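Participant: sequence first, then the predicted structure, then my questions.
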Amino acid sequence: MFEANEVLRVLALLRQAGCEVWIAGGWGVDALVGEVTREHRDLDLVHRVEQEPLLIGTLEAAGFGERPDAQPGRPVRFVMADPGGHELDLHPLLFGPDGSAVQHADTRGGTFSYPADAFVTGVIGGVRVPCLSVTQQIHFHQGYDPADRDRHDMARLREAFGVTTHF
């Protein structure tokens with residue numbers, strides 16, 4: 001499991017190295033809500049594609065190694081894990097001059113779009129952290145059959161922000 005103190009440790013490590021990352025997924029929802037609402041098996045991070053060599057080098061120096069078996073794999077995403085079982089699900093973003101970004105969605109040229117206002121801050125363990133917006137979280141939780149954790153996350157956003165989600 002990925003605990004809040006480990007999230008903060010990874011973020012501090014990457015920030016000190018000069019890497020810009022934003023929390024997505026379940027931890028991103030918890031950051032928006034401002035409290036840990038469930039257990040997390042990994043930490044989803046989006047990052048600047050041009051910083052990827054620095055990001056990988058920094059994580060490798062901290063004991064993380066890439067898991068080549070992660071699907072769908074590059075260029076969409078890749079996974080790194082440490083010997084303690086902490087998994088990072090890493091998503092490279094190509095930023096435009098206006099602050100918006102795109103991410104590969106598949107190997108056929110599809111993309112996910114991130115408007116400039118998708119990059120916000122939340123709170124984990126009393127610490128302000130960079131994360132994806134409520135709107136972006138809802139957007140990414142569409143178009144697939146949700147797991148129980150996805151239903152949980154969307155329920156937390158509905159309760160905290162009075163938004164509508166599709167499940």
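Facilitator: Yes, it's here. Residues are numbered from 1 along each chain as shown.
Participant: can you spell out which helices and strands pack onto the longest strand seen in the chain?
Facilitator: Across the chain, the strand with the greatest residue count (assigned by DSSP state E) is strand 87-95. Judged by 3 or more C-beta pairs under 8 Å, 6 or more residues apart in numbering; DSSP states H and E, strand 87-95 is in contact with strand 42-48, helix 52-61, strand 78-81, strand 101-104. Just so you know, the C-beta spots here come from the backbone N, C-alpha and C atoms, and that holds for glycine as well.
Participant: against which helices or strands is the first one packed?
Facilitator: With contacts defined as 3+ C-beta pairs under 8 Å, 6+ apart, strand 42-48 has these neighbours: helix 4-17, strand 21-24, helix 25-33, strand 87-95.
Participant: mind doing that once more with 6 Å?
Facilitator: Helices and strands touching strand 42-48, by 3 or more C-beta pairs under 6 Å, 6 or more residues apart in numbering; DSSP states H and E, are strand 21-24, strand 87-95.
Participant: any idea how far that strand is from the chain center?
Facilitator: 4 Å (C-alpha atoms, centre = their mean, to the nearest Å).
Participant: next one: the third one
Facilitator: On the basis of C-alpha atoms, centre = their mean, strand 78-81 sits 12 Å off its chain's mean C-alpha point.
Participant: just the buried positions in it, please.
Facilitator: Using 16 or more other C-beta atoms under 10 Å as the burial criterion, the residues of strand 78-81 that qualify are 78-81.
Participant: go through the residues you listed and name the one nearest Pro92.
Facilitator: Among the buried residues of strand 78-81, Phe78 lies closest to Pro92 (C-beta to C-beta), at 8.2 Å.
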